[in-house]
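Asker: Okay, predicted coordinates and the sequence, questions at the end:
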Amino acid sequence: MSRHLVTDLDGTLLGGSRDDRRRLRDALARHPDVTVVFATGRGPASIRDLLRDPLVPCPRWVIADVGATVLDGTDFTPVDPIQAQLRTGWPGAEPVRAALRRFPQLSYQHDVVQDGRCSYHLAPDRLTADLTAAVEALGCSWVYSADRFFDVLPPQASKGNALRALAGKLGWRPEDTLVAGDSLNDLSLFRAGTRAVVVGGAEPALLAALAGDPLVHRPECVGAAGIHTALRDLGWVHSPTAGPALPVAGVRPATDVRIATDARPAAHVRTAAGPHSVVVAYHRPPLHWNGESWQPPSSPNGILPTLTSAFADGLPGIWVTAGPGPDQPSPPPAGPPLAAVPVDRATWSGYFHRACKETLWPVLMSEPDRSVFDPAAWSDYRTVNSRFAELISARAAPGATVWLHDYNLWLVPGLLRRLRPDLRTGLFHHTPFPAPEAFATLPVAAELRRSLARLDWAGFHTEDFAARFRATLAAGATGPTVRSGPSEPPRLPRTGVHPLGIDRAAVERLARLRAPHRHPSPERLVLAVERLDYAKGPVQKVDAVDLLLARRPDLRGRLAFRLVCPPPEPGITAYDTTRHRLEERIAEVNTRWAQHSWQPIDYRPERLGRTGVVDAYLAAEVLWVTSLQDGMNLTAKEFVAARATLPRPADPGVLVLSRHAGAADELGEAALLTDPHTPGDLSAVLGRALDLAPAERRTRMARLSELLGHRRPADWAARIIDEIRGDDGRSPTPGGTR
């Protein structure tokens, strides 16, 4: 069941102590079925600034400007036609201000960004009939609150009208909505016929207006504590409790473990016992085994740290992962709650090394000619997916939300729909999604389409990837390939576009610590940090350096290209040809251009720790990202975060970014974009980056820093959980966008 908290901000959600606000935030995180809606007098810019506070829960919807603005909280785009209807009859800010200049008691709030309204300060004894009549003569409405604020609004605009319109559009029931407020500009919310709470310390005039209303809770607690009390009284939130796992016939036993992490204290550890309202499934655990001990990821960013952070922030569920083989010790008992499916070494090799990396990965990278299909490996892929589905089924509470990750679990949605049709299942693709014609080259394309069509929601980093997914499923909807029975019509999941960000604060903290020890290279250092993968274009980069040195004699002896390129895990052979060719070309180019002790290419086939990566970002003049295809590429974002911390007049560096990386959708406006499929362009754009004037470098980096933003990955995770649940929880929509 989906419920909705519609809350004012100042004095309400933001009221009370930090501990009160933290407890409310954690309670909401444990109950993703409660959607948060802001209803505030603030404008969008002020709300964006406010969301940098980790104690402020991210809203799914925003009613701003005292009801004149209605926004989608995921991207802050207007919700039309609702917003347009609310602003009908608005004469504009300038005519309103001109008409009211004859009232000297009004003090316009110049420090407040306003849209679709005019806000003034006004003393209580100066609110006169002449003033309100002048407002009404303009065809506008007005609200006076807190004995201070006088807001002139479009005639139909109010928080209450905005809520009614939004609830009508989304099909919310009044009994499933709780409004919260503390001042008279919230009164229209309380007239919407929903459940309500007036927090402690509210404006007396609001209390008087609501006297005797049976729908209104009146806790003594102020601010966030008052909201929390009302939510508990309604039974919408409660403390996390453990219960027995749901028995499912035929499910093989699994190991419940908890992985240690150095990112959070032990107080955040929760039991893995079920059933759970949220189940996250990813084929990797939060730590990796290095042969001697369990280690955290080398970067603070990526899906493993993001999921770890989401659980530490109160995600009320369990992480289902592949269990270690018999040659690895059990993980230490700390960190996110895990349930591990048993996968022996031989099955893992067939599943991951062969089916995932040799069959599916080339198609995802739009290089289907590289794909190799092995029926035995595909049998292992089916086995692992089946085990995941069975364990998820066993651990999920009735109606639970299941969040799958990546192509490694593409068969789980179809299996879960048969095992547990009550579950809401979403899958986020961290990789690119191929065009329909590339997907169709897979011998198992129909099997995969049948499963993916059983999703409730599918997520992507870019709209282009989402469109390819929809087209791929639509291409199979004309035949029986997306039907699970003769009477069931074709079905397409909803889709969402949510580019993953980085833990910017963590990168910035480390960059500030390392900046005093920064040693810029004496050479013109160009940096690439990427795993060994043909999709990253490593050979193409070496070819481009060769071409650039041929064209630019001034760079000989001065240019250094550092390629940090750790090898894949043992057992993966899909990149062997790329490695051999890369090493050959490096030797050829270094031999051709070597001068005394200088060689142009510094190849480092090793994995750097977090400090080493940040040191490399701080030393480089250019970060060079040349992915042939890439879901996102977080190194580009990390480079921006690290370099943006450097004080002027330090060289901020230049980001050269592939047009085919997901990050280009967000950062392409200020990065130098390159096409790695065109050798001449790859070389020319790198040369341009090296020649870029200091002033343009600073301008571009400032814009990159702005585009990067400050959103926390844990908030990204919470929003996706909300989208998987959906507004009505079940009904699919052809085309699937929302």
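Answerer: Received the coordinates, thanks. As the structure is a computational prediction, the values presented were derived from the model and not from experiment.
Asker: C-alpha only now, for contacts and for neighbours.
Answerer: OK.
Asker: Compute the first-to-last residue distance for stretch 368-379.
Answerer: 20 Å (Cα to Cα, to the nearest Å).
Asker: what sits up against it?
Answerer: Outside stretch 368-379, the residues within contact range by Cα atoms under 8 Å, 6 or more residues apart in numbering are 350-351, 354-355, 358-363, 438, 441, 443.
Asker: now do 7 Å
Answerer: Under the criterion Cα atoms under 7 Å, 6 or more residues apart in numbering, residues Gly350, Tyr351, Arg354, Ala355, Glu358, Thr359, Leu360, Pro362, Val363, Ala438, Thr441 lie in contact with stretch 368-379.
Asker: now stretch 580-597
Answerer: Pro538, Val539, Val542, Asp546, Gly557, Gln599, Pro600, Ile601.
Asker: Please give me every residue in contact with the last one.
Answerer: When contacts are counted by Cα under 7 Å, 6+ apart, Ile601 touches Ala560, Phe561, Arg562, Ile586, Asn590.
Asker: can you pull up the bridge partners for it?
Answerer: Beta-bridge partners for Ile601, by DSSP bridges, are Phe561.
Asker: how far away is it from Val497?
Answerer: 38 Å.
Asker: same thing with the second one?
Answerer: Counting by Cα to Cα, the gap between Val539 and Val497 amounts to 31 Å.
Asker: So which bits of the host helix or strand of Asn385 are buried?
Answerer: Counting by DSSP states H and E, the element that carries Asn385 is helix 375-395. For helix 375-395, burial by neighbour count (16 or more other Cα atoms under 10 Å) applies to 377-378, 380-395.
Asker: ditto for stretch 90-103
Answerer: For stretch 90-103, using 16+ other Cα under 10 Å, the buried residues are Trp90, Pro91, Ala93, Val96, Leu100.
Asker: Now do the phi/psi pair for the last one.
Answerer: The phi and psi values for Leu100, taken as degrees, to the nearest 10, are phi -100, psi 10.
Asker: Skipping adjacent residues, who's closest to it in space?
Answerer: Spatial nearest neighbour of Leu100, chain neighbours left out: Ala134 (7.3 Å); criterion: Cα to Cα, 6 or more residues apart in numbering.
Asker: Over the helix or strand harbouring that neighbour, what's the mean pLDDT, rounded is fine.
Answerer: Ala134 belongs to helix 129-137 when assigned by DSSP H and E. Across helix 129-137, the average pLDDT comes to 94.
Asker: Likewise for stretch 426-438?
Answerer: 97.
Asker: what separates that stretch from the chain centre, distance-wise?
Answerer: Remark: stretch 426-438 is offset 17 Å from the chain centroid, using Cα atoms, centre = their mean, to the nearest Å.
Asker: same question, stretch 48-61
Answerer: 14 Å.
Asker: quick one: contacts of that stretch?
Answerer: 21-22, 25, 35-38, 71-74, 710-711, 715.
Asker: One more: stretch 25-32?
Answerer: With Cα under 7 Å, 6+ apart as the criterion, stretch 25-32 contacts Val34, Leu55, Val56, Pro57, Val237, Asp313, Gly314, Leu315, Pro316, Ile721, Asp722.
Asker: Can you report how many residues neighbour the residue nearest to Leu100?
Answerer: 15 (other Cα atoms under 10 Å).
Asker: try Ser597
Answerer: 6.
Asker: The lowest-mean-pLDDT helix or strand in the chain: what's the following helix or strand?
Answerer: Across the helices and strands of the chain, mean confidence by mean pLDDT, DSSP states H and E is lowest for strand 255-258: a mean of 37. Next helix or strand after strand 255-258 toward the C-terminus (DSSP H and E): strand 276-281.
Asker: Can you list the strands that that next one pairs with?
Answerer: strand 317-322 (parallel), strand 396-405 (parallel).
Asker: need the strands for the stretch 101-250 of the chain, in chain order.
Answerer: Secondary structure of the stretch 101-250 of the chain, counting by DSSP state E, counting those that start in this stretch: strands at 107-108, 118-121, 141-145, 149-153, 177-181, 195-198, 216-217.
Asker: All set now, cheers.
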